[in-house]
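Student: Pasting the sequence and the predicted coordinates here, then a few questions.
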Amino acid sequence: MAEYAHPEVLAENDWLEAHLADPKVRVVEVDYDPAANYALGHIPGSVLFDWRQDINDPVNRDILDRAAFTALLRRAGIDDDTLLVLYGDYNNWFAAFAYWVFAYYGTPHVKLLNGGRKKWIAEDRPFTREVPNPPTGHFESRAPDPKLRVYLDDVRAALPRVRAGELHLVDVRGPKEFSGEITAPPEYPSEHAQRGGHIPGAKNVPWAQAVRDDGTFKSRAELEKLYADQGIRPDVPVYTYCRIGERSSHTWFVLRYLLGYPDVRNYDGSWTEWGNLVRTPIER
């Protein structure tokens with residue numbers, strides 16, 4: 001991991017297994033479908049964050065606000081000096097989304113488990129159905145960092161810069177979603193936008209090209225070549241997007257932390273917002 005720009009953001013299985021009893025380490029499983037994952041077994045001591053119910057606002061199409069974020073972490077027994085290790089289902093998509101939210105609220109001590117739930121199971125690591133009940137923590141979140149997130153109007157306004165090569169817009173969905181052949185990936189067959197295609201000027205670099213078969217990230221050299229081959233340079237700002245912001249968070253993590261790109265922002269409204277709006281341009 002030392003080759004990455006910020007190797008401290010990753011945790012490996014050997015390290016985590018050796019620290020499961022450490023009171024200053026809190027493991028968090030972030031799931032899109034907890035009933036099919038956390039409920040059937042999880043890393044000992046890990047608490048559950050349900051992506052839909054815990055990381056997102058229950059009413060607005062938005063992430064949870066600062067007060068709700070603070071309350072969530074306190075319920076999980078987290079203090080300001082607790083080291084958090086995030087992992088989850090779907091190749092860490094939703095754990096990466098949670099990592100982005102944690103970074104947005106300035107949480108200082110967070111790691112992503114390299115390979116996620118998939119690799120932990122494949123290596124026959126310890127699993128349990130016991131649900132922990134930690135004491136209430138004393139975590140205090142920070143003000144949101146606007147440099148990590150963009151909204152619909154930001155992307156609209158940026159289209160001339162994209163056309164001029166002054167900003168990279170990276171669509172991390174699969175090629176068939178990018179082309180408009182399908183409007184949702186196989187994992188979400190009933191959740192799609194009204195139109196298929198992509199935001200004008202976007203370049204397609206599917207998130208899956210950044211990982212190996214076991215779900216771990218490819219080497220820095222491989223990742224640098226992956227994005228360089230598409231003309232995506234670190235000296236140009238980058239906006240990432242997908243369908244609901246989870247896969248784009250995965251690529252945001254790669255570009256910002258593994259490759260050290262200084263200005264990478266996630267458009268979490270993504271295609272479910274852009275592809276459903278009246279008079280919003282698309283390409284196919």
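Tutor: Good, I have the coordinates. It should be emphasised that the depicted structure is a prediction, and the values quoted were computed from it without experimental measurement. Residues are numbered from 1 along each chain as shown.
Student: contacts, neighbours, all on C-alpha from now
Tutor: Will do.
Student: got the CA positions of the top helix by length along the chain in CSV?
Tutor: The residue-count maximum for a helix in the chain (DSSP state H) belongs to helix 89-104. Provided in CSV are the C-alpha atoms of helix 89-104 (Å, rounded to 0.1, in the frame of the first residue of the first chain):
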residue,chain,number,x,y,z
ASP,A,89,-21.5,-5.2,0.3
TYR,A,90,-21.4,-4.6,-3.5
ASN,A,91,-17.6,-4.4,-3.6
ASN,A,92,-17.5,-1.6,-1.0
TRP,A,93,-19.7,0.8,-3.2
PHE,A,94,-21.7,1.9,-0.2
ALA,A,95,-18.8,1.9,2.2
ALA,A,96,-17.0,4.2,-0.2
PHE,A,97,-20.1,6.4,-0.3
ALA,A,98,-20.1,6.5,3.5
TYR,A,99,-16.3,7.3,3.4
TRP,A,100,-17.2,10.3,1.2
VAL,A,101,-19.8,11.5,3.6
PHE,A,102,-17.4,11.0,6.5
ALA,A,103,-14.8,13.1,4.6
TYR,A,104,-17.5,15.7,3.8
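Student: what helices or strands is the helix or strand just after that helix leaning on?
Tutor: Scanning forward in sequence from helix 89-104 by DSSP states H and E, the next helix or strand is strand 110-113. Other helices and strands packing on strand 110-113, by 3 or more Cα pairs under 8 Å, 6 or more residues apart in numbering; DSSP states H and E, are strand 10-11, strand 83-88, helix 89-104.
Student: closest to residue 28 out of the ones you listed?
Tutor: strand 83-88 (5.0 Å; Cα to Cα).
Student: any idea of the angle the closest one forms with helix 89-104?
Tutor: Going by axes from the mean of the first three to the mean of the last three Cα atoms, to 10 degrees, strand 83-88 is angled at 140 degrees with respect to helix 89-104.
Student: Report the distance from the longest helix of the chain to the chain centre.
Tutor: Its chain's C-alpha centre and that of helix 89-104 lie 3 Å apart, by Cα atoms, centre = their mean, to the nearest Å.
Student: Same question for stretch 96-108.
Tutor: Distance, centroid of stretch 96-108 to centroid of chain: 9 Å (Cα atoms, centre = their mean).
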